[in-house]
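Chemist: I'll drop the sequence and a predicted model, then ask my questions.
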Amino acid sequence: MPTSGSKALKLGWQVACLCLLGIFVPALVTSLGYSLTDALGPGPGFFPFWLSLIGAVLSAAILVQVTLVKAAEGNAISLAPDWRMVLQAIGVLIALAAAAALFESLGYRLTMLPFIVGVLLILGARSPIAIALTALAGSFGVFHVFYYWLKVPLPIGAFGV
Amino acid sequence: MDTFAHLMAGLTAALSLQNLAFALIGCILGTLIGVLPGLGPAAGTAILIPLTFKLDPTGALIMLSAIYYGAMYGGTVTSVLINVPGEAASVVTCIDGYEMAKQGRGGTALGIAAIGSFVGGIFATIALVVVAPPLAQVALRFGPPEFFALMLVGLCLITGLGGRSLLAGLTMAVLGLLIAMIGIDPVRGAPRFTLGIPSLYDGLGFIPVVMGLFGVAEILLGIQQPHRQVIKTDLASLLPSREEWRRSIGAIGRGTGIGFFLGLIPGVGAIIPTFVAYVVEKRLSKTPERFGHGAIEGVAAPESANNAYANAAMIPLLTLGIPSSPTIAVLMGAFIINGLTPGPFLFQERPDLVWAVIASFFLGNILLLILNLPFVGLWARILHLPYAYVCVGTLLFCVIGAYSLQQNVFDIGVMIACGIIGYGMRKIDMPIAPLVLGLILGPFLEKSLRTSLEMSAGDFSIFFTRPLCLTLLVLAGIVLVASALRLPPRELREESAT
């Protein structure tokens, strides 16, 4: 928690506290719908109720504390230092989300082949041979090791691959 | 059966060709994880869990333990050769290790680190053998109220000692406990916070959450970090000179003792023993001005403390079921996946497994020494691997691990979401360890609380009328107050800050 620091860091903490309140307050309301006590003692809502309440109070306390801290103008701690790298990170996340969406319908091998190529290109790999070999090893090779040798269940897609 | 007989039976099991192979593979993979920049022991252990899904529990836990302490050692290589710690515990090794490498003594720095780690690991494992059985016997007398209070102490220690802000640590611990409530209520069978999503009826999977918070988040952070050049240094002469031996022996002994005792306290984390060991050596030295300029004691002491801590931290897990750090929490998750609950009952129910795992620590430390002295040049070469390929490999393991436990794509989504959350938390320096510890301890904490209150028909005085329980609760309170008052020594805080 910043006791001093940049505006960006302070804003980051404020957003985080609001997100936490966005979790704890609805959880508090929801837990009231479960019984707090029953014939045997504490009910299913007992622990979640107290946790949500404590969490909400703590989050609010941090929010107040962070808001009262004076941000230093010259002491800039950048939360996003380089846009090219931020775009790379976003690209990796989009590739992961796409892979998750296609994972069961296309199967592990056909999903991971373009995923690996895509992520390597996003992260700046340029050697076609290295990219192709990594993609083949990471998709077909890894599938073989996990599925056949280690007996870890991985999806086979609609095309039987 | 006495302790020695159990240990011998465990050694026999650990020495089987299969388990020996698992320990060797674990040590190699762990060192690799430690060497690869941006991947710490928690992330490494989490992403490699899928490798063990279909192994027998003993083999799986031997392999994962070896990955853990292999990763703890592997971080040293990057500290010495590129001045970037492979994991938090190796931060202090950078100070003198990198200076030694710049002076052409990189091989000696890595050699003394391997030897110190070996001594620290072996000593801590011997102490584990001596301490664990009586401690487990004591813990067997605990009832649900004592276990509740004990877990509370563990959480308070981790929250209070682990981060810079007590409030933030407490909030994260509470969030972890609340997330653990998602799913079917274990006592009454009622669904909680499931939002009508069937995939949430079994709760939010620990493995996808941990893989996201550590694996994916570390990848996202790694993309944004500049890559350092590997320093050219002499890696041929690994053994220290006579004078360096003379300086190192005491440092290794003291570092081992510090690492071991601090490893017994949940929440201390791997970084504090290494800093304490460094500060102690600097204080005891007749020539403290050498520290920071390539003093061999500055590598020997923290590395011994690091590995002694890593092995000693298994004691609270195996005897009390309390994980000391996020990496140990991941190991606890691996126990649970294999249908085992770490704690005193495990010594009674599965002594074969517990002692085989403990015996494997001895073998693992020997294997690490063999792997790390002659092959140090090979590990140094791995540092040249482009980050894009490291990133792809890590993501593949994350996807496989998140999916294959329940064969559910929803878990990959959970992992991605937790990756984004973990990235955000790391960017603003919000503590992750209490969240992970809360998540894994949540079900146990709730169960012991509710069982205690059922025993007393809802009367909370049960926690205050049992002497041991009351003592533990008072201890938890003291820990929180001490953390709020910032009681750790000033010199240690200053060293940590630099």
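Modeler: Cool, got the structure. Numbering: from 1, shown residues only, chains lettered A, B, ... in the order given.

Chemist: Within the helices and strands, which one has the most centrally placed residue in chain B?
Modeler: Among the residues of chain B, the one closest to the centroid is residue B:327, at 3.4 Å (Cα atoms, centre = their mean). Using DSSP states H and E, the element containing residue B:327 is helix B:326-337.

Chemist: Briefly note if that helix comes near chain A.
Modeler: No: against chain A, helix B:326-337 shows no contacts by Cβ under 8 Å from any Cβ of the partner chain, the least distance being 12.7 Å. All C-beta spots, glycine's among them, are computed from the backbone N, C-alpha and C.

Chemist: Please state the offset of that helix from the chain centre?
Modeler: Centroid separation for helix B:326-337 versus its chain: 9 Å, with Cα atoms, centre = their mean, to the nearest Å.

Chemist: same deal with stretch B:303-314?
Modeler: On Cα atoms, centre = their mean, the centre of stretch B:303-314 falls 9 Å from the chain's centre.

Chemist: what is the mean pLDDT for that stretch?
Modeler: The average pLDDT within stretch B:303-314 is 92.

Chemist: export that stretch as PDB, just CAs?
Modeler: Provided in PDB are the C-alpha atoms of stretch B:303-314 (Å, rounded to 0.1, in the frame of the first residue of the first chain):
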ATOM      1  CA  GLU B 303      22.400 -19.700   0.100                       C
ATOM      2  CA  SER B 304      22.700 -22.100   3.100                       C
ATOM      3  CA  ALA B 305      19.900 -20.200   4.800                       C
ATOM      4  CA  ASN B 306      17.800 -20.400   1.600                       C
ATOM      5  CA  ASN B 307      17.900 -24.200   1.300                       C
ATOM      6  CA  ALA B 308      17.700 -24.800   5.100                       C
ATOM      7  CA  TYR B 309      14.600 -22.700   5.100                       C
ATOM      8  CA  ALA B 310      13.100 -24.500   2.000                       C
ATOM      9  CA  ASN B 311      13.500 -27.900   3.800                       C
ATOM     10  CA  ALA B 312      12.500 -26.700   7.300                       C
ATOM     11  CA  ALA B 313       9.300 -25.100   5.800                       C
ATOM     12  CA  MET B 314       8.100 -28.600   5.200                       C
END
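
Chemist: Residue A:90: neighbour count?
Modeler: By the criterion of other Cβ atoms under 10 Å in any protein chain shown, residue A:90 has 12 neighbours.

Chemist: Let me know the secondary structure of it.
Modeler: Following DSSP: H, G, I helix; E, B strand; the rest coil, residue A:90 is assigned to helix.

Chemist: what bits of chain A have low per-residue confidence?
Modeler: Along chain A, the model assigns pLDDT under 70 to residues A:1-5, A:71-81.

Chemist: Domain map for it?
Modeler: Chain A resolves into domains spanning A:7-68, A:83-149 when parsed by automatic domain parsing.

Chemist: Switch those over to JSON lines; also include distance to residue B:301.
Modeler: Rendered in JSON lines, the data for those read as follows (distance: least, Cβ to Cβ, whole Å):
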{"stretch": "domain A:7-68", "distance to residue B:301": "34"}
{"stretch": "domain A:83-149", "distance to residue B:301": "37"}
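
Chemist: secondary structure class for whatever residue of the stretch 1-150 of chain B ends up closest to chain A?
Modeler: Relative to chain A, the nearest point of the stretch 1-150 of chain B is residue B:54 (4.2 Å; Cβ to the nearest Cβ). Here residue B:54 is recorded as coil under three-state DSSP.

Chemist: just the CA coordinates of the helix or strand residue B:5 falls within, formatted as PDB?
Modeler: Residue B:5 is part of helix B:3-14 when elements are defined by DSSP H and E. Extracted in PDB, the C-alpha atoms of helix B:3-14 (Å, rounded to 0.1, in the frame of the first residue of the first chain):
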ATOM      1  CA  THR B   3      11.500 -43.000  13.600                       C
ATOM      2  CA  PHE B   4      14.700 -44.700  12.400                       C
ATOM      3  CA  ALA B   5      12.800 -47.700  11.100                       C
ATOM      4  CA  HIS B   6      10.300 -45.500   9.400                       C
ATOM      5  CA  LEU B   7      13.100 -43.500   7.800                       C
ATOM      6  CA  MET B   8      14.800 -46.600   6.600                       C
ATOM      7  CA  ALA B   9      11.600 -47.900   5.100                       C
ATOM      8  CA  GLY B  10      11.200 -44.400   3.500                       C
ATOM      9  CA  LEU B  11      14.700 -44.500   2.100                       C
ATOM     10  CA  THR B  12      14.100 -47.900   0.600                       C
ATOM     11  CA  ALA B  13      10.900 -46.600  -1.100                       C
ATOM     12  CA  ALA B  14      12.700 -43.400  -2.300                       C
END
